[in-house]
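>>> Output the structure for:
(chains A and B)
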Amino acid sequence: MTVLTDDTLPVTPRAMRDEMIVFVCMALALAAVPFSGLYPFFVMQALCFALLACAFNLLIGYGGLLSFGHAMFLGTAGYCSAHALKVWALPPELGILVGIAAAFVLSIITGYISIRRQGIYFSMITLALSQLLYFIYLQAPFTHGEDGIQGIPQGRMFGVLDLTKPTVLYYVVLVGFLAGFLLIYRIINSPFGEVLKSIRENEQRAISLGYRTDQYKFLAFVLSGTLAGFAGSLKVFVAQNASLTDVHWTMSGEVVLMTLVGGLGTIFGPVVGAFVIIAMQQYLASFGQWVTVIQGAIFVVCVLTFRRGVIGEIAHYFRRSL
Amino acid sequence: MQALYAQLLVGLINGSFYALLSLGLAVIFGMLNIINFAHGALYMMGAFVAYFLLNLGGISYWWALLLAPIIVGVFGMILERTMLQWLTGLDHLYGLLLTFGIALIVQGVFQNYFGSSGLPYAIPDQLKGGMNLGFMFLPIYRGWVVVFSLVICLATWFLIEKTRLGAYLRAATENPTLVRAFGINVPRMITLTYGLGVGLAALAGVLSAPINQVRPLMGADLIIVVFAVVVIGGMGSIMGSIITGFALGVIEGLTKYFYPEASNTVVFVLMVLVLLVKPTGLTGRAA
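Below is the predicted model:
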């Protein structure tokens, strides 16, 4: 495995303190959004994608595994949550749980299959598996095919939080995002995360040191897929629909792009990348297919000249891990 | 039975495209260590070049069969020289990401000008009509596609496995530094290899133009199926790619007849089964 991030700095108390300062700043800034006049729908959407990108980054940035099928977790959790909310009329918290459980099961199955091959084959397998699910959802009756599941009721979370109010919904999404983010941060800095990084750097050596690397990679895959599913469930409340676009390979590509722009293997990079890409899509929506062309161009530019990403460059400049 | 044979023929045609595309992917991967995500987009370009040649230049299908792969191949070589060559020594995944970006650009540009609908491309006069084989009616063009693809696949196999140039190529795949020490221009060989792989994709595009119409996204979904084909067959052997490609096409055709609902997914399901039984793929070399 070639090294993705050029300098792996040790986890010192000082580094963790810096990261927590940045985290608190980010949380405060996001909490202030409803008072800032920014369009909350846009920020909520970006937060869902940011969580998705962070989950994806757990796999590539720390495990060195490039999944090209993360849309399948987003879409599956979305469909299952939407179905639970609309057809079974479950309350929001249970609807989210149904989505997470579905993504959990899916990631166990797909992880078991895809972890059997390394490197580039892993990417092709995850892509093929997500395409398989795409065709299943296209034909399955409960997804309503091309129409998707529309008009999903938002309901009251825990019986008190009225999610139809944009501000309440915003804070629920924000809390969900921050919880997911902290969980990923905790995983990265745990002994498990350290082993994962060692597998990324040199899998053979990790094996020779006695680690069963397949089990670590499998667990990382399941964690990543389940958290991606959480993002998908949250997104259902924001978008109030679940459609085939969320399972399509273009969505998997967008997640990769977000993480690449922000910085592979950085803690805050995927969040920044998600906001950049979602903002770009908003502003360029009127240009039709040129958005695809621009996304492709960003891919090319990032890979050729800007492999560290925004946060990666900043972190490299200050010799910090961010 | 007529319908079964017809689906088998469709399967063989799809199999030809899988074989031509996975062959190109395998050759490129061997030399460049890159999985060429742009392969589907370049396949589409092949079809569009044939369309332009016919409608703007009045150049016939037969010339397009020669010219489109060359034009797209040169385009590919420019891509290799200007972008892909800078990835040497980096992780495999950057090659995948870069070529994915190229695919988005190419497909996006074509979608802007041609939308998502298909443009018709007429079957050349010499290949119109059909033959009655007794047990089925064979449209001549479809039979031609299968036979011609098979010939091209075998010619590529011969070029790589049996000629001196192929021997250089295989040697450079194993150990580029040593081959350079023998005075062979390996970077130029890499460029030509990419051109060859891309040319095969463009050729498949020209062949498919009269059958599937010319659409900007015609390669986008196909490339994912071809990835599954590559996972099943492995990229270690040229003949393995050809056989796997045709075999999966036939299986897909049979599925269309016996259980049409699964025809989109059968290749992916087979990939899962192969991974469960024999994780290294059918031809066996580990990644």
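>>> give me the low-pLDDT residue ranges for the chain?
No chain in the question, so chain A it is. Within chain A, the segments meeting pLDDT under 70 span A:1-11.
>>> try chain B instead
In chain B, residues with pLDDT under 70: B:283-287.
>>> Which stretches in it count as helices?
Along chain B, counting by DSSP state H, helices occupy B:2-32, B:39-57, B:61-82, B:92-114, B:140-162, B:164-174, B:176-181, B:186-212, B:220-233, B:238-258, B:266-277.
>>> Figure out which of these is closest to chain A.
Shortest distance between chain A and the helices of chain B, using CB to the nearest CB, is found for helix B:92-114: 2.6 Å. C-beta coordinates here come from the backbone N, C-alpha and C atoms, glycine included.
>>> Buried ones in that closest one, by neighbour count?
B:92-111 (16 or more other CB atoms under 10 Å in any protein chain shown).
>>> among those residues, which are in reach of chain A?
Applying CB under 8 Å from any CB of the partner chain to the buried residues of helix B:92-114, one finds that B:92-94, B:96-98, B:100-109, B:111 fall near chain A.
>>> middle-most residue in chain A, spatially?
A:Leu52 (1.4 Å; CA atoms, centre = their mean).
>>> Spatially, which residue comes closest to that residue, not counting chain neighbours?
Among residues not flanking A:Leu52 along the chain, A:Ala231 sits closest, at 4.0 Å (CB to CB, 6 or more residues apart in numbering or on different chains).
>>> swap in B:Asn112?
Excluding the flanking residues, the one nearest B:Asn112 by CB to CB, 6+ apart is A:Gln289, at 4.6 Å.
>>> got it, and B:Leu192?
Using CB to CB, 6+ apart, the closest residue to B:Leu192 is B:Met77 (7.3 Å).
>>> For residue 22, give me its contacts.
In the absence of a named chain, this looks at chain A. Counting by CB atoms under 8 Å, 6 or more residues apart in numbering or on different chains, A:Val22 makes contact with A:Phe268, A:Leu322.
>>> My question was about chain B, not that one.
B:Ser22 neighbours (CB under 8 Å, 6+ apart): B:Val226, B:Val229, B:Val230, B:Gly233, B:Met235, B:Ser241, B:Thr244, B:Gly245.
>>> mind running it again at 10 Å?
By CB atoms under 10 Å, 6 or more residues apart in numbering or on different chains, the contact set of B:Ser22 is B:39, B:153, B:200, B:225-233, B:235, B:238, B:240-242, B:244-245, B:248.
>>> ok, and which of those reach chain A?
Filtering the contacts of B:Ser22 for proximity to chain A by CB under 10 Å from any CB of the partner chain leaves B:Val225, B:Val226, B:Phe227, B:Ala228, B:Val229, B:Val230, B:Val231, B:Ile232, B:Met235.
>>> how many neighbours does B:Pro120 have?
Using other CB atoms under 10 Å in any protein chain shown, B:Pro120 has 9 other residues around it.
>>> ok, it - contacts?
For B:Pro120, the contact set (CB under 10 Å, 6+ apart) comprises B:Tyr51, B:Ala209, B:Pro210, B:Gln213, B:Val214.
>>> go with 8 Å
B:Gln213, B:Val214.
>>> burial count for residue 196?
Defaulting to chain A. A:Leu196: 28 neighbours (other CB under 10 Å).
>>> Sorry, I should have been clearer: chain B.
Neighbours of B:Leu196 under the rule other CB under 10 Å: 22.
>>> So the residue lying closest to it once chain neighbours are set aside versus B:Glu161, what's the distance?
Leaving aside its sequence neighbours, B:Leu196 sits nearest to B:Val27 (CB to CB, 6+ apart; 6.3 Å). Distance of B:Val27 to B:Glu161, given as CB to CB, to the nearest Å: 12 Å.
>>> who's more crowded, the two?
B:Val27 (25 against 14).
>>> A:Val168 and A:Asp162 touch, don't they?
Yes: counting by CB atoms under 8 Å, A:Val168 touches A:Asp162, with 5.6 Å between them.
>>> Which of these two has more residues huddled nearby?
Per other CB under 10 Å, whichever of A:Val168 and A:Asp162 has more neighbours is A:Val168, with 17 against 13.
>>> Tell me which residues touch that one, please.
Residues in contact with A:Val168 (CB under 8 Å, 6+ apart) are A:Leu161, A:Asp162.
>>> sorry, back to before: same list (the ones next to chain A among the contacts of B:Ser22) but as TSV, adding neighbour count.
Formatted as TSV, the ones next to chain A among the contacts of B:Ser22 follow (neighbours: other CB atoms under 10 Å in any protein chain shown):
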residue	neighbour count
B:Val225	25
B:Val226	31
B:Phe227	29
B:Ala228	27
B:Val229	26
B:Val230	27
B:Val231	30
B:Ile232	26
B:Met235	24
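>>> out of the residues you listed, who's nearest B:Met44?
Using CB to CB, B:Val226 comes nearest to B:Met44 of the ones next to chain A among the contacts of B:Ser22, at 13.0 Å.
>>> From A:Phe230, how far out is the closest residue to that closest one other than its chain neighbours?
Distances taken as CB to CB, 6+ apart place B:Leu21 nearest to B:Val226, at 4.5 Å, with adjacent residues excluded. Computed as CB to CB, the B:Leu21 to A:Phe230 distance reads 37 Å.
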